[in-house]
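S.K.: sharing a model prediction with you, sequence too.
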Amino acid sequence: MNVLILDGGPRDGRGAACRVVAAAAADWARRRGHAVAFLSPDGMALEPCRSCFACWVKHPGACAIRDDAEAIVRAAAAADLMVWITPVTFGGYGPALKRALDRVLPILLPDFIVRRRETRHPLRYVRRRALVVLGTRPDPDPEAERIFHRLVARNALNWDSVHSASHVVTERDESGSAGRVEDLLRAAEEAL
Amino acid sequence: MKALLIVGSPRGQASASRALGGYLLRRLRASGLDVEEAAAGAVLGSPERRHALYKASDEADIVIVSFPLYVDQLPAPLVQALELLAERRRGAMGLTPWPGPFEQKLAAIVQSGFPETSQNLVAVDIMRQFAKEAGFRWAGGLALGMGGAVGRRPLEKAGGRLRNVVKALDIAAASLAAGGDIPDGAAALMARPLMPFWLYRAAATWGFRRRIRKNGARTPRRPT
Ligand SMILES: Cc1cc2nc3c(=O)[nH]c(=O)nc-3n(C[C@H](O)[C@H](O)[C@H](O)COP(=O)(O)O)c2cc1C
């Protein structure tokens, strides 16, 4: 199985918690014998999406900006299980993960269809996919966490995922989080 | 009173976000407020503009953030700009006394390419959470689906289809200028579908297919 791990934390000290979680996820996937693609968007050459839609109408499937986003699109298209890691930022994702995800637009087709009673786009490369999103926060904030879980559920619907899960690791209980992260990854593996 | 508009679309002036936020700003100016405008993306690339954004947000009584829904939330450059703003404010507010206005409000306008207004509600909640973490008082949000039908032209020139959108912004502007928040009635008016969902989906699908055909573009079977 192909596992894509996107460590969306900043490369400086503020990304330490994300690095710990991402390493735990990668370690689990390798022990399970999966093919792991490990990417850290903050360290990659990634311009923000310009919203030109050339990836839909000019050269479908390919972005107009030629940079490291190509590697992310390719890995995401091939992934059975995607694991995204990010600092919970106002309840949403941090800038580095978000920049990568905005650039994954080529993965969708432009048609407007209905999926589970809401409008969505079909996927250009159909596959059985699972999504696990792991957030980090210095301390608990129930409201931010509620927003985060709702957001992940919506993103999972975009990918037509057969399974999705989200979890927020607070930096104080970081050491106890590895077991929980493994449980979530194992459940995703079973669902696939 | 001062109002600051932050536009979160990379399309800048030629965006639905700017059309909506710009109209609200002009209504506030007509009510006697001083107004200022910034683009989230431009702020990131230039230290001068970042300084100007910090200064404008320190002084503003009302900050309005208008943006398109990207992947069910804020576009990346806007997240980054708001993160900088929150960090800056957490530091600056340690100053005693805080030199800015006693109470600063934050309002949001979110619109999406999909037709259902409800798809924007997580993004509205993210903005409320930003307000809390950055020391603003939350003044409410206006969300709408079918952003593709808003167009990019000034709303003063908009046709009858957008009358509820214009009315919602008028009500919101009057209330904000009088020191209030965005009334629930304005949000409800803004949330009303501009046309039946099926029609929007059909028109949007047709529009993209036509552009693909015109370009003679073809979909590869593997990612390139
Ligand atoms: C990278 C990207 C991601 C998007 N994600 C969503 C989405 O999740 N849901 C949605 O309804 N529209 C989505 N859209 C569509 C925009 O929200 C829509 O086109 C909007 O009207 C653009 O507003 P603007 O003119 O202010 O940029 C996305 C567009 C882009 C370019």
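M.R.: Ah, there it is.
S.K.: the ligand contacts on chain A?
M.R.: Proximity of chain A to the ligand (C-beta under 6 Å from any ligand atom) is limited to residues A:C49, A:S51, A:D102, A:L105. Quick note: C-beta positions are derived from backbone N, CA and C, even for glycine.
S.K.: for the chain, give me the ranges with low pLDDT.
M.R.: Just going to use chain A. A:174-176 (pLDDT under 70).
S.K.: ah, no, chain B please
M.R.: B:219-222, B:224.
S.K.: where do the helices sit along it?
M.R.: With DSSP state H as the criterion, chain B has helices at B:16-30, B:40-45, B:47-59, B:76-92, B:121-134, B:163-177, B:184-191, B:197-215.
S.K.: how about those helices in JSON lines, adding mean neighbour count and distance to A:A64?
M.R.: Listed next are the helices of chain B as JSON lines, based on neighbours: other C-beta atoms under 10 Å in any protein chain shown; distance: least, C-beta to C-beta, whole Å:
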{"stretch": "helix B:16-30", "mean neighbour count": "22", "distance to A:A64": "21"}
{"stretch": "helix B:40-45", "mean neighbour count": "20", "distance to A:A64": "16"}
{"stretch": "helix B:47-59", "mean neighbour count": "16", "distance to A:A64": "25"}
{"stretch": "helix B:76-92", "mean neighbour count": "21", "distance to A:A64": "16"}
{"stretch": "helix B:121-134", "mean neighbour count": "23", "distance to A:A64": "25"}
{"stretch": "helix B:163-177", "mean neighbour count": "20", "distance to A:A64": "31"}
{"stretch": "helix B:184-191", "mean neighbour count": "18", "distance to A:A64": "32"}
{"stretch": "helix B:197-215", "mean neighbour count": "15", "distance to A:A64": "12"}
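S.K.: and those as JSON lines, adding distance to A:K58?
M.R.: Converted to JSON lines, those look like this (distance: least, C-beta to C-beta, whole Å):
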{"stretch": "helix B:16-30", "distance to A:K58": "21"}
{"stretch": "helix B:40-45", "distance to A:K58": "22"}
{"stretch": "helix B:47-59", "distance to A:K58": "31"}
{"stretch": "helix B:76-92", "distance to A:K58": "22"}
{"stretch": "helix B:121-134", "distance to A:K58": "28"}
{"stretch": "helix B:163-177", "distance to A:K58": "31"}
{"stretch": "helix B:184-191", "distance to A:K58": "33"}
{"stretch": "helix B:197-215", "distance to A:K58": "5"}
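S.K.: got a list of what residue 128 touches?
M.R.: Since no chain was named, I'll use chain A. A:D80, A:V162, A:L192 (C-beta atoms under 8 Å, 6 or more residues apart in numbering or on different chains).
S.K.: actually chain B
M.R.: With C-beta under 8 Å, 6+ apart, B:R128 has these contacts: B:A108, B:W138, B:G141.
S.K.: who's in contact with stretch B:70-77?
M.R.: By C-beta under 8 Å, 6+ apart, stretch B:70-77 touches A:48-49, A:92-93, A:95, A:98-99, A:101-102, A:151, A:154-155, A:158, B:8-10, B:40-41, B:44, B:67-68, B:79, B:82, B:119, B:122-123, B:126-127.
S.K.: return that stretch as CSV; C-alpha atoms alone will do.
M.R.: This file holds the C-alpha atoms of stretch B:70-77, laid out as CSV (Å, rounded to 0.1, in the frame of the first residue of the first chain):
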residue,chain,number,x,y,z
TYR,B,70,-10.3,27.0,-0.8
VAL,B,71,-10.4,23.3,0.1
ASP,B,72,-13.2,24.0,2.6
GLN,B,73,-11.3,26.8,4.4
LEU,B,74,-9.1,29.9,3.9
PRO,B,75,-6.6,30.2,0.9
ALA,B,76,-3.1,29.5,2.1
PRO,B,77,-1.7,33.1,1.8
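S.K.: how about it and the ligand, touching?
M.R.: Yes: against the ligand, stretch B:70-77 shows contacts by C-beta under 6 Å from any ligand atom at B:Y70, B:V71, B:D72.
S.K.: circling back to that earlier point, so which of the residues of chain A next to the ligand reach chain B?
M.R.: Among the residues of chain A next to the ligand, the ones lying near chain B by C-beta under 8 Å from any C-beta of the partner chain are A:C49, A:S51, A:D102.
S.K.: burial of the last one, as a residue count?
M.R.: Residues within reach of A:D102, counting by other C-beta atoms under 10 Å in any protein chain shown, total 24.
S.K.: with B:V7 instead?
M.R.: The burial count for B:V7: 29, using other C-beta under 10 Å.
S.K.: for beta bridges, what are the partners of it?
M.R.: B:V7 forms beta bridges with B:A39, B:S66, as assigned by DSSP bridges.
S.K.: against chain A, how distant is it?
M.R.: 13 Å (C-beta to the nearest C-beta, to the nearest Å).
S.K.: which residues sit in contact with that residue?
M.R.: B:S15, B:S17, B:R18, B:G21, B:E37, B:A38, B:A39, B:A40, B:S66, B:F67.
S.K.: got it, and A:E47?
M.R.: A:E47 neighbours (C-beta under 8 Å, 6+ apart): A:I65, A:D67, A:A69, A:R103.
S.K.: just list the residues touching the residue positioned nearest the centre of chain A, thanks.
M.R.: Nearest residue to the geometric centre of chain A (C-alpha atoms, centre = their mean): A:W84, 3.3 Å. The neighbours of A:W84, taking C-beta under 8 Å, 6+ apart as the test, are A:L6, A:G8, A:Y93, A:L97, A:L101, A:L131, A:V132, A:V133, A:L134.
S.K.: how about the secondary structure of the first one?
M.R.: Just to be clear, that refers to A:L6. For A:L6, the assignment made with DSSP: H, G, I helix; E, B strand; the rest coil gives strand.
S.K.: quick one, strands of chain A?
M.R.: Assigned by DSSP state E, the strands in chain A fall at A:2-7, A:35-39, A:81-87, A:113-115, A:118-120, A:130-137, A:163-170.
S.K.: switch those over to TSV; also include distance to B:V150.
M.R.: TSV is the format used below for the strands of chain A (distance: least, C-beta to C-beta, whole Å):
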stretch	distance to B:V150
strand A:2-7	32
strand A:35-39	35
strand A:81-87	30
strand A:113-115	22
strand A:118-120	16
strand A:130-137	30
strand A:163-170	31
